[in-house]
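S.K.: let me see the structure of the following:
(one chain, ligands or ions: 1)
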Amino acid sequence: MTTHPLPDVLRALEGQLVVSCQAYPGEPMRSPQIMAAVALAVVQGGARAVRAQGIDDLRAIRPLVDVPLIGLVKRGDSGVFITPTVDDAVACAAAGADVVALDGTPRDRPDGRPLRDSVEAVHRAGALVMADCGSLGDALHSVAAGADCVGTTLAGYTGERPATAGPDLELLAQLAATLTLPVIAEGRVRHPDDAAACLAAGAYAVVVGTAITHPTRITRSFIDHLAAARRPHREPVDSGAENA
Ligand SMILES: CC(=O)N[C@H](C=O)[C@@H](O)[C@H](O)[C@H](O)COP(=O)(O)O
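M.R.: All right, here's what the predicted structure looks like:
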C-alpha cells in the first residue's frame, strides 16, 4: 500500500510492466547498440519503463526512449554487485537514469560506505533510488536509508530466501503489506500469469527480464520442454500389407 505522494516517474509505473534489457559478459547481444534496439522494441510493445545495465547501454538507450530509465551497473556476480559504490550510482544518474537501481542489503559495500551515502548521492544528482532487496530485512534497511521504492530483485540470490521457480510471491506480499512505498516485483517472472500474480500479491509494478529479452535462455527453455515431451523413438510397425 502506497500512502506518500509519489514522484511522477514512479506514479507512471503503477500497475505497469517494466522490461529489463540486459546481456551478460561474453554474450552475442552484449552491445549498447543492440540493447538500445531491444529497449526501443519493448517500449513499442508497451513497456512503461526500461531497466538497463552499464553506463554505455544507458547512454545508448536514453535518447531513444521517452519512458523512465532504471539504470544500474553490475560488478561481478557475488556479494554486493548491483551498483555497489557511490561512484557507480552517480554515474548511472549522469548517464540518464531516472531511477538508479542498487543493492539494498545491509552487506558491506566495496567502497566501504553505507547504503545511505549512495541514496543521498543519487538524490543530489536528481534521480530516484530503487533498492534491490532479497528479504524484508533488506527492504526495511533500504527504507531507513531513504530509498524511493524497493524491488524483490535479489530474492533467492542472497542466501536469505530460497530461489522460487517463479517470482517470490510470499516476499512480495510481505513487503507490500509492511511498506508504504512502491514494491516492485522483479526476478523469475517467466510468464504473463506470473506478472498478473505479482500485481495480485501487491506489486506496484512488475519487471520482466529474461523471459522477454534473453533469446538464449528462452530458446533453451523450449529445448528443455521438447526434450521432456519427446516420445521415445519407436520402430514403425510392419503391418505386412504389401505382402497381402
Ligand atoms: C539477480 C540479478 O542479478 N538480477 C539482475 C538485475 O538487474 C538481472 O540479471 C535480472 O535479469 C533482472 O533482475 C530481471 O530478472 P529476470 O531476468 O529473472 O526476469
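S.K.: can you pull the buried residues of the longest helix seen in the chain?
M.R.: Longest helix in the chain by number of residues, with DSSP state H as the criterion: helix 215-229. Neighbour counts over helix 215-229 (16 or more other CB atoms under 10 Å) mark no residue as buried. C-beta coordinates here come from the backbone N, C-alpha and C atoms, glycine included.
S.K.: the chain should start at 7 in everything you say after this.
M.R.: All set: I'll call the first residue 7, so the last point we hit is now helix 221-235.
S.K.: so what touches it?
M.R.: Identification of contacts with helix 221-235 by CB atoms under 8 Å, 6 or more residues apart in numbering yields Glu33, Met35, Thr216, Ala217.
S.K.: these: which ones sit near the ligand?
M.R.: Thr216, Ala217 (CB under 6 Å from any ligand atom).
S.K.: what subset of the contacts of helix 221-235 is buried?
M.R.: Met35, Thr216, Ala217.
S.K.: check those against Asp199 and report the nearest one.
M.R.: Ala217 (11.3 Å; CB to CB).
S.K.: any idea how far whichever residue of the chain sits closest to the ligand lies from Ala131?
M.R.: Scanning the chain for proximity to the ligand using CB to the nearest ligand atom identifies Gly215 as nearest, at 2.9 Å. Distance, Gly215 to Ala131, by CB to CB, to the nearest Å: 25 Å.
S.K.: looking at the two, which one has more neighbours?
M.R.: More neighbours surround Gly215 than the other of Gly215 and Ala131, with 20 against 15 (other CB atoms under 10 Å).
S.K.: ok so, going back, does the residue of the chain closest to the ligand touch Val24 like I think?
M.R.: No - the pair Gly215 / Val24 is not scored as a contact, 9.4 Å apart, by CB atoms under 8 Å.
S.K.: what sits in contact with each of the two?
M.R.: Arg57, Glu192.
S.K.: thought Ala206 was touching Gly21, still the case?
M.R.: No - the criterion here is CB under 8 Å, and Gly21 misses it with Ala206 at 11.2 Å.
S.K.: pretty sure Val15 contacts Leu75?
M.R.: No - Val15 sits out of contact with Leu75 when judged by CB under 8 Å, with a separation of 9.5 Å.
S.K.: now do the shared contacts for the two.
M.R.: Asp104, Val105.
S.K.: how about the residues of the chain near the ligand?
M.R.: So the chain meets the ligand at 26, 28, 78, 159-160, 163, 192-195, 213-217 (CB under 6 Å from any ligand atom).
S.K.: so where do the helices sit in this protein?
M.R.: Counting by DSSP H, the helices of the chain are 14-17, 38-50, 61-67, 92-100, 121-130, 142-151, 175-184, 198-206, 216-219, 221-235.
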